[in-house]
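> Starting from these lines, generate the structure:
(one chain, ligands or ions: 1)
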Amino acid sequence: MSVRAWGAAVLRPYMTMGNGESVVRRGKTAGKMPALPGGGHIVPAWGAACRAPTRVCVIRSAAVFANSNGGGGKLARKIGRVGYDFYSMTMYARLRSMLLKLDHIIAHSGIGLSGSEGVLLSFLFHGLFDDLGGTDSEGGEAQQGITVEMFECFVEYFHRHCYTFVSPNEVAHGLDSNGKYVLVTFDDGYFSNTKALPVLERHGIPAALFVSTDHVLQGKAFWWDVVERESLKRRMPQSHVNQVHETLRRLRTADAEAFVQAEFGPRALRPVGDRDRPFTLPELSEITKHPLISLGNHTSNHDVLTNYSAGEVRAQIESAQEIIGSIVGKAPNFIAYPNGEISDSVLEAARASGMQFGLSVNPGRNRLPIVAGSLAAMKLKRFALTGDAAIEPQCRVSRSMISLYRAGQSVKRSVGARFAAERA
Ligand SMILES: [Zn+2]
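You can find the predicted model right below:
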């Protein structure tokens with residue numbers, strides 16, 4: 001099979017037809033699909049409706065949103081603009097891998113490891129797994145693929161290198177500008193975070209859980225885990241799944257959830273077990289009594305805040321504040337932005353909602369001191385380790401002052417922000 005034919009084959013289930021409305025009329029199941037805001041419908045792309053791939057089908061991803069009243073039409077145009085070129089993605093993956101290898105060489109040689117004082121390194125985790133088999137044997141919701149053993153390896157590495165583990169509260173109270181600190185964070189509110197407790201207790205280190213409160217209250221699975229799980233069942237290639245993720249994360253949470261329910265059935269958002277489920281409210285209340293655990297804001301419905309108006313951003317942050325405040329008695333002043341997506345208006349809205357520290361997903365070292373409410377404090381950088389590579393070298397790279405990969409990411413972000421501003 002030629003590369004081009006293969007590309008077309010793997011993208012076919014997500015392909016976009018040029019004219020969504022005509023697809024709705026042809027699609028057998030279109031009438032059963034949930035309505036979108038504004039009256040549109042999501043058309044299932046898996047095995048339905050799309051029979052005649054066009055050039056657009058090959059290079060564009062995801063669902064077709066059709067609507068005659070405007071709301072869904074807007075979404076359709078938004079999705080239509082997310083054109084992912086398969087070949088560019090492959091090139092990007094190669095470049096990323098090359099830069100990471102160079103970073104490992106630089107960090108291993110010791111160049112860049114001087115001047116490691118006066119920094120706060122923050123790390124992002126999601127679910128934790130007992131072993132690697134557990135990350136993919138039942139449903140593909142591997143997230144970062146970090147096992148408990150890897151997590152402990154990470155903790156031991158920074159202990160060995162004399163870093164002090166701190167809680168968000170300690171960061172807020174101010175850190176010694178000559179110290180070396182690590183902040184451990186878990187995003188989303190996965191029940192499997194409980195697996196970290198024995199490690200935290202053994203080493204006496206704090207951790208912060210940034211929880212999406214609606215997921216806790218409603219006991220629903222996260223849409224990206226559903227996509228992973230169902231794609232694995234259908235044996236879809238990972239590159240292809242990544243494209244769907246990229247498209248759905250540009251939608252409002254309710255629309256992304258409507259998409260996965262339309263594609264995979266109305267029960268798709270039911271967690272399949274302890275690995276993909278959020279905490280229940282009683283469980284969350286219980287774990288927050290632990291002296292090493294604190295809670296942070298991750299919005300009410302894991303809302304990617306750049307997809308909402310300033311007023312909506314505030315409402316989503318404040319609604320989560322209320323729930324967390326009712327659990328721990330005090331609303332937090334730390335937020336982890338869902339997917340790390342921020343803009344000037346999001347930062348402003350977060351500040352107006354009482355946030356003084358914000359965590360992004362941009363990898364990098366945070367220089368001390370960190371002043372509450374400052375721009376640096378509202379955009380704290382975070383590293384995310386992954387289980388597909390050895391943990392210690394990743395930790396070593398995070399300590400290094402020099403990182404070609406991080407420099408490349410920074411360029412990519414500023415170019416992306418410019419494109420986003422032009423599109424808006
Ligand atoms: Zn999240």
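> OK, contacts around whatever residue of the stretch 201-350 of the chain ends up closest to the ion?
Proximity of the stretch 201-350 of the chain to the ion (Cβ to the ion) peaks at P338, 4.7 Å away. Using the backbone N, CA and C atoms, a C-beta is placed for each residue, glycine as well. By Cβ atoms under 8 Å, 6 or more residues apart in numbering, the contact set of P338 is S212, H298, T299, H302, D303, V304, L305.
> What sits closest to it if chain neighbours are left out?
Spatial nearest neighbour of P338, excluding adjacent residues (Cβ to Cβ, 6 or more residues apart in numbering): H302 at 4.8 Å.
> and what of K180?
Using Cβ to Cβ, 6+ apart and skipping the chain neighbours, the partner closest in space to K180 is Y163 (4.7 Å).
> Select the longest strand from the chain.
strand 180-188 (DSSP state E).
> And the average pLDDT for it is what?
If you average the pLDDT over strand 180-188, you get 98.
> what pairs with it, and is each one parallel or antiparallel?
Strands adjacent to strand 180-188 in the sheet, as given by DSSP bridges, are strand 119-125 (parallel), strand 164-166 (parallel), strand 207-211 (parallel).
> Just want the most central residue of the protein.
The chain has N339 as the residue nearest its centroid, 3.8 Å off, counting by Cα atoms, centre = their mean.
> That residue reaches N307, doesn't it?
No: applying Cβ atoms under 8 Å as the test, N339 and N307 come out as separate, 9.7 Å apart.
> For S294, what is the enclosing helix or strand?
Here S294 sits within strand 293-297, counting by DSSP states H and E.
> do L284 as well
Applying DSSP H and E, one finds L284 within helix 281-287.
> buried sites along that helix?
Neighbour-count burial for helix 281-287 flags L284, I287 (criterion: 16 or more other Cβ atoms under 10 Å).
> who are the neighbours of it, in terms of helices and strands?
strand 207-211, helix 213-218, helix 310-328 (3 or more Cβ pairs under 8 Å, 6 or more residues apart in numbering; DSSP states H and E).
> Repeat the analysis, applying 7 Å as the threshold.
Identification of packing neighbours for helix 281-287 by 3 or more Cβ pairs under 7 Å, 6 or more residues apart in numbering; DSSP states H and E yields helix 213-218.
> can you list the residues of the protein near the ion?
Along the chain, the residues adjacent to the ion under the rule Cβ under 5 Å from the ion are D187, D188, P338.
> from those residues, which single one is nearest P282?
D188 (18.2 Å; Cβ to Cβ).
> Tell me where the model's unsure across this structure.
Low-confidence segments of the chain, defined by pLDDT under 70: 1-93, 109-115, 132-142, 410, 413-424.
> can you do 90?
1-117, 131-145, 228, 231-247, 249-250, 275, 387-389, 393, 396-397, 400-424 (pLDDT under 90).
> ok, back up a step: what comes into contact with the longest strand of the chain?
With contact meaning Cβ atoms under 7 Å, 6 or more residues apart in numbering, strand 180-188 is reached by 116-117, 119-126, 158, 162-166, 168, 171, 175, 193, 205, 207-210, 212, 222, 298, 302, 336, 359, 382.
> next one: that strand to chain centre, how far?
15 Å (Cα atoms, centre = their mean, to the nearest Å).
> Please apply the same query to stretch 365-375.
The answer for stretch 365-375 is 23 Å, by Cα atoms, centre = their mean.
> Put the alpha carbons of that stretch into PDB.
Extracted C-alpha coordinates of stretch 365-375, given in PDB (Å, rounded to 0.1, in the frame of the first residue of the first chain):
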ATOM      1  CA  ARG A 365      11.900  25.600  34.900                       C
ATOM      2  CA  ASN A 366      10.300  28.300  37.000                       C
ATOM      3  CA  ARG A 367      12.800  30.800  38.300                       C
ATOM      4  CA  LEU A 368      12.400  32.000  41.900                       C
ATOM      5  CA  PRO A 369      11.000  34.100  43.400                       C
ATOM      6  CA  ILE A 370       7.500  33.600  42.200                       C
ATOM      7  CA  VAL A 371       5.200  36.500  43.100                       C
ATOM      8  CA  ALA A 372       1.500  35.700  43.600                       C
ATOM      9  CA  GLY A 373      -0.700  37.000  40.800                       C
ATOM     10  CA  SER A 374       2.300  38.000  38.600                       C
ATOM     11  CA  LEU A 375       2.300  36.900  35.000                       C
END
